[in-house]
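# This is the structure alone, sequence omitted:
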Ligand code: GDP
Ligand code: PGA
Ligand code: MN
């Protein structure tokens, strides 16, 4: 190794050759002023949050212990799907739903961008582990970043630090994750609170299991353990190794008779995963505990059942809409402090506020750092960005299931696919069998949300809520799902359901109250598994009649519930050409079984 005279570079707490040579290579390319090997300690957190406060990036929140307010650059507020690339050697392996560039070409473009990109900054090396460190084969990553915001967020979202580097030893495999905000500082120049670059690339090399991210500091673009590793890279790995890396929450549902079921659910970003994961049931005697709110890694166990592990260590949740009624457990988690709030509003007395939260504070500082009053809200200027986020440790969640970090995972009884559809899709439907369930997942549709840049509200297909996260060809991904079902013992497979909390009446109101009331749907789902709940065969799947749902004590119009459950054959017939078009987009890799399922749906609709 060449002797580079960068302070800190040689303070490596490891003898891991591959890691050391990669860190040297990146330091040489990016030219930071200093290198820091992160240890994940409280001292490190205090030092870096202090540095972020001094830089004007963080504002401490006196009302919340060890918590900070932060506003991003107004142009760096969400995932950038059009700047996200899967650089497989063969473009066919990325498929029609991913952006692709030849890996060598991409490396050349990005190497030019990274050259000197950390000048004037500190380069941090963050060894992290996705999932329990006690796993037989822990899933390591190392993120190199020039952002203190990323380091402290990684402290919350992943398992970081000394215990990780020790467990890695001198030869453990790891995913190299390179991140730079792309804002070098000239000698003596002042920094801005949120450095970033207009040019952004979120790039994945699935064959090399490597991630390169440039230009953005936003969570999903910059905290590379999350969507980049745990979904895009892990899905490619899962395909090779016969498991599933999915955009799913994991919850534990206990009935009044103490029957336990674990449920995994895939909804697109900002469509209710975090809320369902922490749900407080409104029906007496039922209990929900949380295991994960965003990502599930699922492998078959020796008993043939599918076991899920949450690779994360924290919640990166959508703030707007979160309140003591919709998600009291998120509010309790945040109350304990140790959290970062990005792009929410700040109150004059040092607390946070966002649209949908209780109270109507008069004088706020908006996410744009401007004075804000309710009059601004009335004029259409929200105090918090619609994709504003809280970042908070899992272990503060009052309903965390004790087995949440069991390396064996938990056996999944039911998989839910869901989206945000104002029409057509019923509140709940059960798939006839695994392959039909894969079809429901593969044709999942949802209105776009603020979690990604672009037009909000437009309906698009979002297969398994994975459209922006499949690290390979979507057709091959469907085939992988079909194959896993074939290999498995059918009786041990989870049952698949399709849900929609977001159907609307003619006046635009939600037909179903959602949130805690979704426990009524969960109850029907597990009672289906236990053979106690009635369902009617429809063209779309098995659907409860309104009286098959437990609606006791629910103050809602029966007609609304019926409308939420209704299957309108005309609406579904109108869906057929859209599915057809979607399947055409996938191209030759689309499994023929998916066309068979579409033909069967068409026939059932008459
Ligand atoms: P995630 O990004 O998938 O984890 O989604 P969240 O759980 O953070 O929810 C995103 C947004 O949808 C928030 O504003 C929630 O308040 C809202 N939301 C979540 N669940 C429901 C529901 O059951 N009904 C309605 N109407 N809105 C919901
Ligand atoms: P989520 O994930 O919206 O699914 O919670 C965060 C993100 O997409 O950046
Ligand atoms: Mn979430």
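Thanks, I have the structure now. Just so you know, these numbers come straight off a predicted model, no measurement behind them. Residues are numbered from 1 along each chain as shown. Ligands and ions are numbered 1, 2, ... in the order given.
# Which residues are in contact with residue 496?
By CB atoms under 8 Å, 6 or more residues apart in numbering, the contact list for residue 496 reads 414-417, 430-431, 434, 436-438, 440-441. The C-beta positions use only the backbone N, C-alpha and C, and glycine is treated the same way.
# Got phi/psi on it?
phi -110, psi 140 (degrees, to the nearest 10).
# What pLDDT does the model give it?
You'll see residue 496 listed with a pLDDT of 98.
# Any idea what it is bridged to?
Beta-bridge partners for residue 496, by DSSP bridges, are residue 415.
# if I look at it, how far off is ligand 1?
Plainly put, residue 496 is 18 Å away from ligand 1 if you go by CB to the nearest ligand atom, to the nearest Å.
# Equivalent analysis for residue 242, please.
Remark: distance between residue 242 and ligand 1 (CB to the nearest ligand atom) = 27 Å.
# how about the nearest residue to that residue, chain neighbours excluded?
Nearest residue to residue 242, sequence neighbours excluded (CB to CB, 6 or more residues apart in numbering): residue 484, at 7.1 Å.
# hmm, back to that, filter the contacts of residue 496 down to the buried ones.
414-417, 430-431, 434, 436-438, 440-441 (16 or more other CB atoms under 10 Å).
# Return the subset of those lying in helices.
434, 436-438, 440-441 (DSSP state H).
# Of those, just say which sits nearest to residue 424.
Minimum distance to residue 424 across these is 12.9 Å, recorded for residue 440 (CB to CB).
# Touching, the closest one and residue 541? I think so.
Yes. Applying CB atoms under 8 Å as the test, residue 440 and residue 541 come out as touching, 7.0 Å apart.
# Is the residue in the stretch 251-400 of the chain that ligand 2 sits nearest to in a helix, a strand, or coil?
Among the residues of the stretch 251-400 of the chain, residue 269 lies closest to ligand 2, at 3.0 Å counting by CB to the nearest ligand atom. Classification of residue 269 using DSSP: H, G, I helix; E, B strand; the rest coil returns coil.
# For the nearest residue to it once chain neighbours are set aside, list the residues it contacts.
Of all residues not flanking residue 269 in the chain, residue 451 sits nearest, at 3.4 Å (CB to CB, 6+ apart). With contacts defined as CB under 8 Å, 6+ apart, residue 451 is in contact with 78-79, 220, 268-270, 318, 387.
# Need those residues in JSON lines (columns: pLDDT, distance to residue 128 and neighbour count).
Listed next are the contacts of residue 451 as JSON lines, based on pLDDT from 0 to 100; distance: CB to CB, whole Å; neighbours: other CB atoms under 10 Å:
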{"residue": "78", "pLDDT": "97", "distance to residue 128": "23", "neighbour count": "25"}
{"residue": "79", "pLDDT": "97", "distance to residue 128": "20", "neighbour count": "22"}
{"residue": "220", "pLDDT": "97", "distance to residue 128": "16", "neighbour count": "25"}
{"residue": "268", "pLDDT": "96", "distance to residue 128": "26", "neighbour count": "28"}
{"residue": "269", "pLDDT": "94", "distance to residue 128": "22", "neighbour count": "23"}
{"residue": "270", "pLDDT": "93", "distance to residue 128": "25", "neighbour count": "23"}
{"residue": "318", "pLDDT": "97", "distance to residue 128": "23", "neighbour count": "24"}
{"residue": "387", "pLDDT": "97", "distance to residue 128": "24", "neighbour count": "26"}
